[in-house]
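Sequence first, predicted coordinates after that:
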Amino acid sequence: MKVRAILPTLALGLSLTTVLDAQAVAQNRLSNPAPAAGPVEPGSNLTVYLLTFGWGDAVWERFGHNAIWIKDRARGTDVTYNWGMFDFSQPHFLRRFLTGDTRYWMEPKTLQEMLYEYRARNRSVLAQELNLTPAQRIKLKQFVEWNALPENKFYRYDYYRDNCSTRLRDAIDHALSGQLQLATVTRMTSGTYRWHTQRLMTGDIPLYTGVTLALGHPADKPLSVWGEMFLPVRMANDFRTVSIPDSTGTQIPLVRSESALFTAGRPPEPSAPPFYFPWYVAAGILVAAALIALVRGAEGGHRIAFFSATAIATLWSLIAGLAGTALLIAWLFTKHYFMGRNENLMHFDPLSLALAFLIPLSVYGLRGVSRGRKLSGFVAALSLFGFVLQGIPLFDQKNGEIIGLALPINLAVWWTVHRLTNYRRTSLPSSAAL
């Protein structure tokens, strides 16, 4: 009985103690409230990514592409900023392109639009989150929004020094107050503008030939890591090696993390240029050998061989003359800086254009024979001189393929003109029907 009486008393005591403790806790919270959460630092709601798109099939897609992606969690937006916009239907597009005055512009797009576009083109997409402070993220966002305004978005495109990738690089460097350039401009690479261009032209012989012919001495300048960032994929690789100071001055990696948003079903871009040199030499020797064989046949009285030798020599001179004239105009009268100081002018001589008219005139009409011989000899000698000059540091343009192709043919054309005109002069009765 005593136990039964004690149990209710203990239960009542415990209940009262619990109530009193709860009241004490509540009173303590009112007297000493929990500290409120600190203010959110401006820019902490932003995340900045470098988007890199792999190479594609079209000529202008072979160099890859990139964009800045800014994710704003406060607004729930994902906007990309892209400096690679152009339009073939722009007024005077062809004239601007030929004279080096092409207009490109920057344009923002949603992330979904960009991903859809590059997935459809089977081009890989890599996202690298950048280790920027909140203040640097705000600075970058303000700059790209200013740059996207109609009055600021256009710029004169330069395929090496001012393109969609260098504009992006400069925007990030602006946000970093020059720290990106400081960390990369003194680090040299083994590549040049020509080396990278030839690397990305692998598999397209006509395009490779045109690029190798058009690029002059400035394209062989050694590149720093800063300069190499004209290529989007190289920029993504270089960013992995860059460290920058944080707000405390501590060096931290520029890239915080990265992920592949889409992997294309195509091989990666080539890591080095192809070795086409033997093929160019073989082509030059083959054409020269064909000319020699045809001249021998012509001297044996074969009219078809005579006509064919004359036609090939004339056609080559026409092609070389037109190409040389285009190179000279590009150097002197356009804004194509990298087509200047072009040693290929010694192998594709604008004077060959005049030679294209003199060859049939001197061979068939026996008029201007002396001029034809002298001019063809000058063109061949200049080409040979251009080859010899390769041993001098100031004349070391990387144009071995062009020399290998043009030098044998230029020498063979001179020999053809000399022999055919001599044959016509000494064998008039037997060659009258020619």
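Yep, it's here.

measure stretch 243-258 end to end?
Separation of the first and last residues of stretch 243-258 by CA to CA, to the nearest Å is 16 Å.

go on, stretch 225-237?
Taking CA to CA, stretch 225-237 runs 10 Å from one end to the other.

Could I get the buried residue list for that stretch?
Within stretch 225-237, the residues that qualify as buried are 225-236, counting by 16 or more other CB atoms under 10 Å. (Each C-beta comes from the backbone N, C-alpha and C, glycine too.)

In helices, which of those residues fall?
Counting by DSSP state H, these place 225-228, 232-236 in helices.

Tell me the one of the residues you listed nearest residue 205?
Using CB to CB, residue 233 is the member of these that lies nearest residue 205, at 23.0 Å.

Verify the stated contact: that closest one with residue 64.
Yes: proximity of residue 233 to residue 64 meets the contact threshold set by CB atoms under 8 Å, at 4.7 Å.

Report the distance from stretch 294-308 to the chain centre.
In terms of CA atoms, centre = their mean, to the nearest Å, the gap separating the centre of stretch 294-308 from the centre of its chain is 47 Å.

So which bits of it are buried?
For stretch 294-308, burial by neighbour count (16+ other CB under 10 Å) applies to 294-295, 297-299, 305-308.

Switch these over to CSV; also include distance to residue 255 and pLDDT.
CSV is the format used below for the buried residues of stretch 294-308 (distance: CB to CB, whole Å; pLDDT from 0 to 100):
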residue, distance to residue 255, pLDDT
294, 62, 98
295, 63, 97
297, 66, 97
298, 67, 96
299, 70, 94
305, 66, 97
306, 68, 97
307, 65, 97
308, 61, 98
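
Could you dump those residues into TSV with distance to residue 315 and secondary structure added?
Below are those laid out as TSV (distance: CB to CB, whole Å; DSSP: H, G, I helix; E, B strand; the rest coil):
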residue	distance to residue 315	secondary structure
294	13	helix
295	15	helix
297	18	helix
298	16	helix
299	21	helix
305	16	helix
306	15	helix
307	12	helix
308	10	helix
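
quick one: the strands in the stretch 51-200 of the chain?
65-72, 77-85, 103-110, 125-130, 154-156, 188-192 (DSSP state E, counting those that start in this stretch).

Report the strands that pair with the third one, each with its relative direction.
Each strand pairing with strand 103-110, determined using DSSP bridges, is listed with its direction: strand 77-85 (antiparallel), strand 154-156 (antiparallel).

I'd like the mean pLDDT over it, please.
Taken as a whole, strand 103-110 has a mean pLDDT of 97.

repeat for the fourth one
Computed over strand 125-130, the mean pLDDT rounds to 98.

same thing with the fifth one?
Rounded to a whole number, the mean pLDDT of strand 154-156 is 97.

do the last one as well
The average pLDDT within strand 188-192 is 97.

That one packs against which elements?
Contact analysis of strand 188-192 by 3 or more CB pairs under 8 Å, 6 or more residues apart in numbering; DSSP states H and E lists strand 222-224, helix 225-228 as its packing neighbours.

Name the surrounding residues that touch that strand.
219-225, 228, 398 (CB atoms under 8 Å, 6 or more residues apart in numbering).

Can I get that strand as PDB, trimmed to CA atoms?
Once non-C-alpha atoms are left out, strand 188-192 reads as follows in PDB (Å, rounded to 0.1, in the frame of the first residue of the first chain):
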ATOM      1  CA  MET A 188      56.600  30.200 -73.200                       C
ATOM      2  CA  THR A 189      55.200  27.200 -75.200                       C
ATOM      3  CA  SER A 190      56.700  25.200 -78.100                       C
ATOM      4  CA  GLY A 191      53.900  26.200 -80.500                       C
ATOM      5  CA  THR A 192      53.400  29.000 -83.000                       C
END
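
The spatially most central residue of the chain: what's it in contact with?
The centre of the chain sits closest to residue 63, judged by CA atoms, centre = their mean, with a distance of 4.4 Å. With contact set as CB under 8 Å, 6+ apart, residue 63 has these partners: 55, 200, 231-232.

And residue 136, by the same measure?
Contacts of residue 136 by CB under 8 Å, 6+ apart are 43, 175-176.

before we move on, what about residue 223?
188-189, 191-193, 196 are the contacts of residue 223 under CB under 8 Å, 6+ apart.

Next: residue 161.
230, 337.

Now it: phi and psi?
Taking degrees, to the nearest 10, you get phi -100, psi -20 for the backbone angles of residue 161.
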